[in-house]
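pasting a predicted model and its sequence here:
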Protein chains: 2
Amino acid sequence: MRRELAAAAMELFATKGYEATTVDEIAAAAGVARRTFFRHFRSKEEAIFPDHDDTLVRAEAVLNAAPAHEHPLDTVCRGIKEVMRMYAARPEISVARYKLTREVPTLREAEIASVARYERLFTRYLLGHFDEHAHADDANDDPLLAEVAASAVVTAHNHVLRRWLRAGGQGDVEAQLDHAFAIVRKTFGTGIGAGRGSVPRPAAATAPATVSAHGEVLVTVARTDAPLDEVMRTIEEALKER
Amino acid sequence: MRRELAAAAMELFATKGYEATTVDEIAAAAGVARRTFFRHFRSKEEAIFPDHDDTLVRAEAVLNAAPAHEHPLDTVCRGIKEVMRMYAARPEISVARYKLTREVPTLREAEIASVARYERLFTRYLLGHFDEHAHADDANDDPLLAEVAASAVVTAHNHVLRRWLRAGGQGDVEAQLDHAFAIVRKTFGTGIGAGRGSVPRPAAATAPATVSAHGEVLVTVARTDAPLDEVMRTIEEALKER
């Protein structure tokens, strides 16, 4: 019934306009009484986003079920995928709703408020998992870094979603989202995954050093307690290979 | 007159409540006619944020006057400082307005819209300056990175601003902002400043290698075309110093 009411609302908003449509008309179009509408939605604008509440619950469940070894930023990226899947499940409805939210300020504000709820969920999660995987040099800066990281993930998600909606909901938006996360992690994500000091750790705790080459530069990350000759040999070999 | 009207509006909103205050009352409190109010503000909620328009112009002027060698992310950080200075110029008014925006959804939405304008300005600026200083491996990803970077700067600014407002507007908020930007640049900013490849370049183009130690790890960035023995000597010396 919730979905039928939402579909009827979308249909009426698109044809009659959002302001001109009444709750009575939505209820009538769905074949139910006005009070049935209000059992499912608090307001007219809520009917246009029927799935955010459930999606928030699902995203939170993803976070809570995350394996202990997973980097919290990766967990959050998996969490927000639930939001993308909600849009991707019904491309035509998502595209029509996007057009509507661009025209009706009330709806745009309702959407902004929904986005803020996801962002707060992710900020809280990152902050609660900074001990194990990532954090600032000074723990006082952790709330700042958590908020900035959550905002980066949400911004990347919204960017991909908006591009997909403008393209009429064509293409594999989940694959585009994975690509965006990879780019963001690669460009901005080195520090947050690094432990205090904001420097990548060697891949294996026992390896004396890891060396990687990128174009004209070569980057070495070495354990300072590793035997000096082993570190030097690893670096020398990597340099010679080039 | 604009400032007098804004002060009168804030005073009335705080004492009578936002919804209960009329434009006529604001105009009367400032000793002017209703039409004078509307020469300065389009609406009641605009009177509570009288300086965003001017601040946006000033922030844009900072961007346009940026020296050619400055990293665009640093330019954007200087740009958003204009916003922070607007709040810091009148701490009591900023704190009172913050309390009000938390209580009145219309005002919160107006503030969110203002923040979005700054964010769009910075995104455009970063996108326009990616060629010289920073960019994605694939230019198609530049809009994504510009938006994520602008959002990181704005989120860091808002975090510091909110903390300062909650503390009653006490303390040097500009210094706190500088600290926040330094933390964000250190944690997330390595990639965006790096050119395609997302790896920090050696500090000086002529240096064979730069070595930095962070707790238990040591990071080396070396030019692959540098003489091997020079690179090795630099690394060895840094390791021995520990």
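Great, that's in hand.

can you give me the strands in chain A?
Secondary structure of chain A (DSSP state E): strands located at A:209-214, A:217-223.

from the middle of its chain, how far away would stretch A:145-152 be?
11 Å (Cα atoms, centre = their mean, to the nearest Å).

domain boundaries for chain A, per the record?
Chain A is divided into the following domains under automatic domain parsing: A:2-47, A:51-188, A:209-240.

among those, which is nearest B:Val57?
domain A:51-188 (23.8 Å; Cβ to Cβ). All C-beta atoms are positioned from the backbone trio N, CA, C, and that covers glycine.

quick check: mean pLDDT of that closest one?
Confidence for domain A:51-188, expressed as mean pLDDT, is 91.

show me where chain A has its helices.
Secondary structure of chain A (DSSP state H): helices at A:2-16, A:23-29, A:34-40, A:52-64, A:72-88, A:91-103, A:105-128, A:130-133, A:142-166, A:173-188, A:228-240.

so which of those comes closest to B:Glu103?
Across these, closest to B:Glu103 is helix A:105-128 (Cβ to Cβ), at 15.4 Å.

ok so, going back, JSON lines for the helices of chain A, including distance to chain B and mean neighbour count?
Listed next are the helices of chain A as JSON lines, based on distance: least, Cβ to the nearest Cβ, whole Å; neighbours: other Cβ atoms under 10 Å in any protein chain shown:
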{"stretch": "helix A:2-16", "distance to chain B": "20", "mean neighbour count": "18"}
{"stretch": "helix A:23-29", "distance to chain B": "20", "mean neighbour count": "17"}
{"stretch": "helix A:34-40", "distance to chain B": "20", "mean neighbour count": "14"}
{"stretch": "helix A:52-64", "distance to chain B": "17", "mean neighbour count": "16"}
{"stretch": "helix A:72-88", "distance to chain B": "11", "mean neighbour count": "21"}
{"stretch": "helix A:91-103", "distance to chain B": "13", "mean neighbour count": "16"}
{"stretch": "helix A:105-128", "distance to chain B": "5", "mean neighbour count": "18"}
{"stretch": "helix A:130-133", "distance to chain B": "11", "mean neighbour count": "15"}
{"stretch": "helix A:142-166", "distance to chain B": "4", "mean neighbour count": "22"}
{"stretch": "helix A:173-188", "distance to chain B": "4", "mean neighbour count": "20"}
{"stretch": "helix A:228-240", "distance to chain B": "5", "mean neighbour count": "16"}
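
quick revisit: lowest average confidence across the strands of chain A, which one?
strand A:209-214 (a mean of 53).

sorry, back to before: tabulate the helices of chain A in TSV, adding columns for distance to B:Ala61.
TSV is the format used below for the helices of chain A (distance: least, Cβ to Cβ, whole Å):
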stretch	distance to B:Ala61
helix A:2-16	41
helix A:23-29	48
helix A:34-40	50
helix A:52-64	39
helix A:72-88	36
helix A:91-103	30
helix A:105-128	28
helix A:130-133	38
helix A:142-166	26
helix A:173-188	28
helix A:228-240	48
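
ok so, going back, for the domains of chain A, give me CSV that also has distance to B:Glu4.
CSV is the format used below for the domains of chain A (distance: least, Cβ to Cβ, whole Å):
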stretch, distance to B:Glu4
domain A:2-47, 35
domain A:51-188, 29
domain A:209-240, 58
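
ok, which of these comes nearest B:Ala96?
Of all these, domain A:51-188 comes closest under Cβ to Cβ, at 23.0 Å.

just give me the neighbour total for A:Pro67.
When neighbours are counted by other Cβ atoms under 10 Å in any protein chain shown, A:Pro67 registers 7.

my guess is A:Gly169 contacts A:Pro91, does it?
Yes: using Cβ atoms under 8 Å as the test, A:Gly169 is close enough to A:Pro91 to be in contact (3.2 Å).

contacting residues around A:Tyr87?
Applying Cβ atoms under 8 Å, 6 or more residues apart in numbering or on different chains to A:Tyr87 gives the contacts A:94, A:161, A:164-165, A:173.

center of chain A - which residue?
A:Ile80 (3.6 Å; Cα atoms, centre = their mean).

now A:Pro50: how far from A:Thr22?
For A:Pro50, the distance to A:Thr22 equals 18 Å [Cβ to Cβ, to the nearest Å].

I meant A:Glu92, not that one.
Noted for A:Glu92: a distance of 24 Å to A:Thr22, by Cβ to Cβ.

same check, this time on A:Leu121
34 Å.

do the same with A:Lys16
A:Lys16 is 9 Å from A:Thr22, by Cβ to Cβ.

which one's more surrounded, A:Pro50 and A:Thr22?
Set side by side, A:Pro50 and A:Thr22 show more neighbours around A:Pro50, with 19 against 13, by other Cβ under 10 Å.

what's the closest non-adjacent residue to the more buried one?
A:Ala6 (4.0 Å; Cβ to Cβ, 6 or more residues apart in numbering or on different chains).

contacts only, for that neighbour.
By Cβ under 8 Å, 6+ apart, the neighbours of A:Ala6 are A:47-48, A:50.

and if you look at A:His157?
Contacts of A:His157 by Cβ under 8 Å, 6+ apart are A:80, A:83-84, A:177, A:180.

in CSV, list those residues along with distance to B:Asp138.
Output for those, formatted as CSV (distance: Cβ to Cβ, whole Å):
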residue, distance to B:Asp138
A:Ile80, 22
A:Val83, 25
A:Met84, 21
A:Leu177, 16
A:Ala180, 11
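
report the two of these separated the most.
It's A:Val83 and A:Ala180 that sit farthest apart of the contacts of A:His157, by Cβ to Cβ, at 13.4 Å.

thinking again about what came up before, wait, which of the contacts of A:Ala6 is closest to B:Val62?
A:Ile48 (39.0 Å).

that older thread, do you know how far the residue nearest to A:Pro50 is from A:Ala88?
Distance from A:Ala6 to A:Ala88, by Cβ to Cβ: 17 Å.

quick check: A:Arg166 vs A:Phe49, distance?
The spacing between A:Arg166 and A:Phe49, counted by Cβ to Cβ, is 19 Å.
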